[in-house]
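*Asks:* here is my input; please provide its structure:
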Amino acid sequence: MTDQKRLRLGIAAMVGGSVILTIGVLWAHFTELSPVNQFDEPIYEFIPRGWVWTSIGQLIAITGGQIALIGIVVAFVWERPMTWARASIGAAVFVVESLIIFGMIPNQWLTLTQSQLEWTPQKIAFSLPRALTLNNEVTISYAVIKDVVSAGYSTTALLAWPAVMVWWQNREKARRDAPPPVEISAYGRPMIGDA
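*Replies:* Numbering: from 1, shown residues only. Okay, the predicted model is just below:
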């Protein structure tokens, strides 16, 4: 793929991702509004409300943001010689992606479970069978499930993120170590020597 095609594809992804991001943010904002105003009169009755609709809007916004970030990488960093400017763009994308993965997503999960779903230690999710607990009553609350999901996500992301970065750093080395491509003649045979 030529640099011009890569630039056009990246800019298209940035614009498309930004549009999707804006739609998701507006969707999440308006579905989170109160159904009544300060005078207890219904407002915006045509807009669906609830945490499900708000979560869908947030997922759309995150997807749009990811598409836009991929567009930045494709347009300015991918398969191009590294310069200080490109390294700065790559570093900025890395920081933004880290903030999304380690900051925004866990925060939105905890906000949803603690406020809308009310997963508190008082809400019991299930009890373990007495045969497994030496005839003691052991219950698991929704707060435990919330924390297990949050810790599992953070641990997985913390392990996967360096693995992806090592792969990214080694991809150039793998390409350098590969044997040089053999030129093929118009007849489909490898060309040998200087023509």
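
*Asks:* so what does the nearest residue to Ile43 once chain neighbours are set aside have for phi and psi?
*Replies:* Nearest non-adjacent residue to Ile43, counting by C-beta to C-beta, 6 or more residues apart in numbering: Asn37, 5.0 Å away. For every residue, glycine as well, the C-beta is placed using N, CA and C. For Asn37, the backbone dihedrals (degrees, to the nearest 10) come out as phi -90, psi -170.

*Asks:* how close does Asn37 get to Val166?
*Replies:* Counting by C-beta to C-beta, to the nearest Å, the separation of Asn37 from Val166 is 54 Å.

*Asks:* do Glu45 as well
*Replies:* Noted for Glu45: a distance of 53 Å to Val166, by C-beta to C-beta.

*Asks:* go on, Gly65?
*Replies:* Taken as C-beta to C-beta, the span from Gly65 to Val166 is 24 Å.

*Asks:* neighbour count: these two, which is higher?
*Replies:* Using other C-beta atoms under 10 Å, the more surrounded residue of Gly65 and Val166 is Gly65, with 20 against 10.

*Asks:* do I have it right that the more buried one meets Thr22?
*Replies:* No - using C-beta atoms under 8 Å, Gly65 makes no contact with Thr22, being 10.3 Å away.

*Asks:* shaky segments in this protein?
*Replies:* Low-confidence segments of the chain (pLDDT under 70): 174-177, 193-195.

*Asks:* strands of that one, start to end?
*Replies:* Ranges of strands in the chain, per DSSP state E, are 124-127, 139-141.

*Asks:* who touches the longest one?
*Replies:* It refers to strand 124-127. Contacts to strand 124-127, defined as C-beta atoms under 8 Å, 6 or more residues apart in numbering, come from residues Glu137, Val138, Thr139, Ile140, Ser141, Tyr142, Val144, Ile145.

*Asks:* would you tell me which helix is longest in the protein?
*Replies:* Criterion DSSP state H: the longest helix present in the chain is helix 142-177.

*Asks:* quick check: buried residues in that helix?
*Replies:* Neighbour-count burial for helix 142-177, counted by 16 or more other C-beta atoms under 10 Å, picks out Tyr142, Ala143, Lys146, Ser150.

*Asks:* how far does it sit from its chain's centre?
*Replies:* 12 Å (C-alpha atoms, centre = their mean, to the nearest Å).
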